[in-house]
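> here are the coordinates; sequence isn't available:
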Ligand code: TXA
Ligand code: MG
């Protein structure tokens, strides 16, 4: 893997409600000159480069230590830019644009020839979305080019939901970080493949499946992670790609809600008896069950508030790493609404370490 050039990373503080045009212009000029700028979107922070500049895009892979086989999402400011990114755009895309753009929905479409091959991992499709965050919009408009931007974390780390997370992962590797506060959703966009009929959800995210079904009753799923429940036993490690992972080993407990808490409690005690430092991610309702254990506990939110659980998830994984835990125990939550994206991220973080409680 190519090594990044050590550089000074400048942090620009911008209030999303009162945009500082001078700072936006500075960051946009950096993008135009082939530099790297991390910026907030409504989902998570992105690490941006001019999507039409192959060498600039290459720097993203190097800075993140991301394999070149993992394609990037291209961000646009307005609908007229869709035609410079993709071709053969179906009518359905425009209907979805009406309903969900700007917002956390990414389309996979046939790629335009002028998008360099490294953006799309040398495939003939491209992922594209129009973000709604005021800073992302202003940066895209000022740069006046589509911006390729994966999540602004180092490869296989949890996505960054604050500028501090970006700084910890990428300081010295990128030109600018725009600090616009904590991202609103905290989970990445929904990736929808429109090159297949019916369309296929490749990654659940900020736009829910329920909302998409209103437009496409026949929309399909093709995430290995989501089909796990169909498997009879826990899959072998390695079957699920490692992603969104904290440094600590994460175990995901699934199954009977009551017995699962008992099992989690016992497992925590066993690890502690082995001299391990244990972290738990809990719903607020779980508090009494774990009060007597000296574990590092983080409460994600009320059980039913999947929006809040999603908002807190990545920051909580990073926080448990900061506290130096060896293992993290977490249980599943409901899978409707944003809960499906939460489930997907937990499965990936667990990397096959699933404990099923009957
Ligand atoms: O919310 C988001 O989507 C954030 C913000 C910054 O926009 N971005 C993000 O990017 O999460 P990244 O690179 O972490 O995830 C992009 C996802 C990956 O799962 C990638 O495999 C998929 O989109 N993807 C990109 N291009 C694709 C393509 N041509 N075909 C299929 N999947 C694609
Ligand atoms: Mg990512």
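Here it is on my side, so go on. Just so we're clear, the structure is a prediction, and the values are computed from it rather than from any experiment. Numbering: from 1, shown residues only. Ligands and ions are numbered 1, 2, ... in the order given.

> what bridges to the nearest residue to residue 221 once chain neighbours are set aside?
Among residues not flanking residue 221 along the chain, residue 201 sits closest, at 5.2 Å (C-beta to C-beta, 6 or more residues apart in numbering). (Glycine included, C-beta is placed from N, CA and C.) Counting by DSSP bridges, residue 201 is bridged to residue 192, residue 221.

> if I pick residue 201, what's in contact with it?
When contacts are counted by C-beta atoms under 8 Å, 6 or more residues apart in numbering, residue 201 touches 190, 191, 192, 193, 209, 212, 219, 220, 221, 222, 223.

> got the residues of the stretch 201-350 of the chain near ligand 1?
202, 203 (C-beta under 6 Å from any ligand atom).

> where in the stretch 201-350 of the chain is pLDDT low?
223-246 (pLDDT under 70).

> that one: helices as residue ranges?
Along the stretch 201-350 of the chain, the stretches classed as helices by DSSP state H, counting those that start in this stretch are 209-213, 257-273, 287-290, 306-322, 339-350.

> so which of these comes closest to residue 92?
Residue 92 lies closest to helix 209-213 among the helices of the stretch 201-350 of the chain, at 10.9 Å (C-beta to C-beta).

> quick revisit: just name the most buried of the helices of the stretch 201-350 of the chain.
helix 339-350 (a mean of 24; mean count of other C-beta atoms under 10 Å).

> mind listing what's buried in stretch 114-128?
Using 16 or more other C-beta atoms under 10 Å as the test for burial, stretch 114-128 gives 115, 116, 118, 119, 120, 125, 126, 127, 128.

> quick check: pLDDT value at residue 6.
Residue 6 carries a pLDDT value of 89.

> and it, how many neighbours?
Residue 6 is flanked by 8 other residues according to other C-beta atoms under 10 Å.

> how much space separates the residue lying farthest from the centre of the chain from ligand 1?
Among residues of the chain, the one most distant from the C-alpha centroid is residue 273; the distance is 34.6 Å, by C-alpha atoms, centre = their mean. Going from residue 273 to ligand 1 by C-beta to the nearest ligand atom, to the nearest Å gives 38 Å.

> one more: residue 319?
20 Å.

> tell me the contacts of that residue?
Going by C-beta under 8 Å, 6+ apart, residue 319 touches residue 298.

> and the residue nearest to residue 79 when sequence neighbours are not counted, helix, strand or coil?
Nearest residue to residue 79 in three dimensions, chain neighbours excluded: residue 97, at 6.4 Å (C-beta to C-beta, 6+ apart). Using DSSP: H, G, I helix; E, B strand; the rest coil, the structure places residue 97 in helix.

> pull up the gap between residue 97 and ligand 1, please.
16 Å.

> make 852 the first number, not 1, from now on.
Sure, I'll start counting at 852 from here, so that last one is residue 948.

> identify the residues contacting that residue.
Neighbours of residue 948 in contact, by C-beta under 8 Å, 6+ apart: 930, 933, 981.

> just put those residues in JSON lines and tack on distance to ligand 1, pLDDT and secondary structure.
Compiled in JSON lines, the contacts of residue 948 are given as follows (distance: C-beta to the nearest ligand atom, whole Å; pLDDT from 0 to 100; DSSP: H, G, I helix; E, B strand; the rest coil):
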{"residue": "930", "distance to ligand 1": "17", "pLDDT": "98", "secondary structure": "helix"}
{"residue": "933", "distance to ligand 1": "15", "pLDDT": "98", "secondary structure": "helix"}
{"residue": "981", "distance to ligand 1": "10", "pLDDT": "98", "secondary structure": "coil"}
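
> what about the strands in the stretch 902-1051 of the chain?
For the stretch 902-1051 of the chain, applying DSSP state E, counting those that start in this stretch gives strands covering 924-926, 956-961, 976-980, 998-999, 1027-1030, 1041-1044, 1051-1054.

> near ligand 1, which residues of the stretch 852-1001 of the chain show up?
So the stretch 852-1001 of the chain meets ligand 1 at 892, 894-895, 897, 921-924, 955, 957, 959, 971, 974, 976-978, 1000-1001 (C-beta under 6 Å from any ligand atom).

> returning to that earlier point: tell me the most buried of the strands of the stretch 902-1051 of the chain?
strand 998-999 (a mean of 29).

> what's in contact with that strand?
882, 897, 899-902, 908, 911, 923-926, 970, 990-991.

> run through the residues that contact the residue nearest to residue 962 when sequence neighbours are not counted.
Nearest residue to residue 962, sequence neighbours excluded (C-beta to C-beta, 6+ apart): residue 977, at 3.9 Å. Shown in contact with residue 977 (C-beta under 8 Å, 6+ apart): 922, 925, 936, 937, 959, 960, 961, 962, 963, 966, 970, 971.
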